[in-house]
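Visitor: Requesting a structural model of the entry that follows:
(4 chains)
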Number of protein chains: 2
Amino acid sequence: MTDMASEKTGGVQAVSRALGLLKRLGAATEGQRVSDLAVQAGLAVSTTHRLLTTLEHSGFAHFEPTTSKWHVGHEAFAVGASYVQKRSYVAPALTYLRRLRDETRETANLGHLDDGHLVTLSQVESREIMRAISPPGGRVPATCSAMGKALLATWPDAQIAEFCDRHGFPTMTPRSVDGLSALMDQITHIRAQGYAVDNEEHARGLRCLAAPVWGPDGDAVCAISVSAMMMRLTGEMTEVVARRVVTAASELTEKIGGKRAEWPLPT
Amino acid sequence: MTDMASEKTGGVQAVSRALGLLKRLGAATEGQRVSDLAVQAGLAVSTTHRLLTTLEHSGFAHFEPTTSKWHVGHEAFAVGASYVQKRSYVAPALTYLRRLRDETRETANLGHLDDGHLVTLSQVESREIMRAISPPGGRVPATCSAMGKALLATWPDAQIAEFCDRHGFPTMTPRSVDGLSALMDQITHIRAQGYAVDNEEHARGLRCLAAPVWGPDGDAVCAISVSAMMMRLTGEMTEVVARRVVTAASELTEKIGGKRAEWPLPT
DNA sequence: TCCTTGTTTTCCATATCGTGGAAAACTCTT
DNA sequence: AAGAGTTTTCCACGATATGGAAAACAAGGA
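Guide: Take a look at the predicted model:
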């Protein structure tokens, strides 16, 4: 992550730089020192220090004097929390995610589309040793994600094509979907079976199964998935787990007063 | 909330302004229009627009073209999520919060101290109609909160006094603790009974009961509370619920490998 | 349909404001 | 106590953010 926020600012320099620092604070597992952040971001130490101080005055960063390290501040948390609070399906989803995790013993996820990417909104982790690949807040190109594909599959074909025009086919592994016809093949399957599959298209060795959740106005608003190491999710297990994912998604749909629209018909 | 981020910037102007806009986006329940944000923040429309564009380039804000409103972006969520991910007790706490909510039918909360304030980290809402007063990300002066007082009570008296010197006694209702001697009286009670009480000290009509959770190094790291309308949490109920809160806190302490230190002795 | 009104977005000259070097104040080590 | 590696403050320079005004939209209203 050496040059995370590249050099393209695209706006007010000072603000871009400050936000870049904030991202670094969030991405780092530990507190960061001024001078380290400065070299990482390619900024002068004094500039870095001034920007951090400004972030701190607004509560977005926090300086720990005893260790002289910088951390993400409470205000960043507050603003971030509002991102999920405004999506009223997140809170009720937890019940179903938990049950899904308990039934399958694997990680259950909730995500939605945001600007061509699937953003993980919430997750209930497997008790197995594996760490989560994509923690809450994580982003993956929609076409590299089971949840993303499940949601795309609810769109009319024309909109899917337009989507792909705009966002292309970023790939994360050699098995990621690449090209519209390959995607549409999958979409057809997804619509037929009611759930989407991701076989190492996001990360090596990882398989995901996802189903969409509908909102009151008949649009899919989010998706539920189970993700697991492929070795733990093989053959006939797949179908069993998929049915449970579909069930959870249906129940959440009902809970939030959603109307399960028909899947778009192949045109 | 007319002039939220006052005029004292205390750092890089452009950055303070941008963060102020971000806070407004987070605080608003709906998307905000450029011109409204501009007047709220007292900025020129063109400046506001440029700052928002910069926020968008980094993913911290998002513009909905169909409605031409601005929202909090995914990156803000990602950074905010890291605030809780780094506190390893949040995830395991959910189990106990949920049970507490089910046992008491009231809202269960998890919070910790951050710069003199109690920050609500997580919460499992009551199924009653009442909305939560302080959603995740919310901040209250420590002395106006049951969780805050429960945590302060684990500190040596000298540090409590120092804390009060630094932060004073901001009050949120007429019943909020005001003055060191009043606080120390309460601290004594808290240490004796093992839990803290907040009787309308944070919000009119609201009562909270809280107990601290210890970490592996013998310091209290967070607190668990139950908050409810006073009318639903009266008389003998209080003691019953308080015992459940204490139990939940003890269990979480154990779960995270915490060592329950002795409460500081009155000096 | 073509104005009218209320937006959002772009442009640009001005001087404000952020910048980074260098020096000063700290903090730990040796 | 002195030294190395920090963090923090200061300052003159000029790059850069600023806000007015105008241009591009969008949404009614006649």
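
Visitor: Which residues of the stretch 151-267 of chain A lie near chain B?
Guide: Residues of the stretch 151-267 of chain A found near chain B (CB under 8 Å from any CB of the partner chain): none. To be clear about C-beta, it is placed using only N, CA and C from the backbone, and glycine gets the same treatment.

Visitor: where does the stretch 151-267 of chain A come near DNA strand D, residue by residue?
Guide: Within the stretch 151-267 of chain A, not a single residue sits near DNA strand D (CB under 7 Å from any atom of the strand).

Visitor: Kindly provide the distance from the residue of the stretch 151-267 of chain A at minimum distance from DNA strand C to B:Lys23.
Guide: Closest residue of the stretch 151-267 of chain A to DNA strand C, CB to the nearest atom of the strand: A:Arg166 (17.0 Å). Here A:Arg166 is placed at a distance of 31 Å from B:Lys23 (CB to CB, to the nearest Å).

Visitor: So if I had to pick from these two, which one is more boxed in?
Guide: Per other CB atoms under 10 Å in any protein chain shown, whichever of A:Arg166 and B:Lys23 has more neighbours is B:Lys23, with 22 against 9.

Visitor: tell me the angle the helix or strand containing that one makes with helix A:13-27.
Guide: Assigned by DSSP states H and E, B:Lys23 falls within helix B:13-27. Relative orientation of helix B:13-27 versus helix A:13-27 (axes from the mean of the first three to the mean of the last three CA atoms, to 10 degrees): 60 degrees.

Visitor: Give the next helix or strand downstream of helix B:13-27.
Guide: Criterion used, DSSP H and E; the element after helix B:13-27 is helix B:34-41.

Visitor: So that following helix, near DNA strand D or not?
Guide: No: Helix B:34-41 is not in contact with DNA strand D by CB under 7 Å from any atom of the strand; minimum separation 9.0 Å.

Visitor: hmm, the following helix or strand past that helix touching DNA strand C?
Guide: For helix B:34-41, the following helix or strand on the C-terminal side (DSSP H and E) is helix B:45-57. Yes: Helix B:45-57 is in contact with DNA strand C by CB under 7 Å from any atom of the strand, via B:45-46, B:49-50, B:53.

Visitor: Just the buried residues out of those, in ChimeraX syntax.
Guide: Listed next is the ChimeraX selection for buried residues among those, using 16 or more other CB atoms under 10 Å in any protein chain shown:
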select /B:49,50,53
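
Visitor: out of the residues of helix B:45-57 next to DNA strand C, who's near chain A?
Guide: Restricting those to those within reach of chain A (CB under 8 Å from any CB) leaves B:50, B:53.

Visitor: Need the residues of helix B:45-57 next to DNA strand C in a markdown table (columns: distance to DNA strand D and pLDDT).
Guide: Shown next, in a markdown table, are those (distance: CB to the nearest atom of the strand, whole Å; pLDDT from 0 to 100):
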| residue | distance to DNA strand D | pLDDT |
| --- | --- | --- |
| B:Val45 | 7 | 92 |
| B:Ser46 | 3 | 91 |
| B:His49 | 8 | 93 |
| B:Arg50 | 6 | 91 |
| B:Thr53 | 11 | 92 |
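
Visitor: nearest to A:Thr120, of the residues of helix B:45-57 next to DNA strand C?
Guide: A:Thr120 has its nearest neighbour among those in B:Thr53, at 26.2 Å by CB to CB.

Visitor: Now do the contacts for the residue lying closest to that closest one once chain neighbours are set aside.
Guide: By the measure of CB to CB, 6 or more residues apart in numbering or on different chains, the closest residue to B:Thr53 outside its immediate chain neighbours is A:Gly11, 5.3 Å from it. Neighbour list for A:Gly11: B:50-51, B:53-55, B:57 [criterion: CB atoms under 8 Å, 6 or more residues apart in numbering or on different chains].

Visitor: In terms of distance to B:Ser145, which of those ranks first?
Guide: Of all the contacts of A:Gly11, B:Ser145 sits closest to B:Leu55, with 31.4 Å by CB to CB.

Visitor: picking that back up, tell me the two of the residues of helix B:45-57 next to DNA strand C that are most distant?
Guide: B:Val45 and B:Thr53 (12.4 Å).

Visitor: got the contacts of A:Gly11 as CSV, with distance to A:Pro65 columns?
Guide: Below are the contacts of A:Gly11 laid out as CSV (distance: CB to CB, whole Å):
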residue, distance to A:Pro65
B:Arg50, 35
B:Leu51, 30
B:Thr53, 35
B:Thr54, 30
B:Leu55, 29
B:His57, 33
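
Visitor: between these, which is closest to B:Met147?
Guide: Using CB to CB, B:Leu55 comes nearest to B:Met147 of the contacts of A:Gly11, at 32.2 Å.
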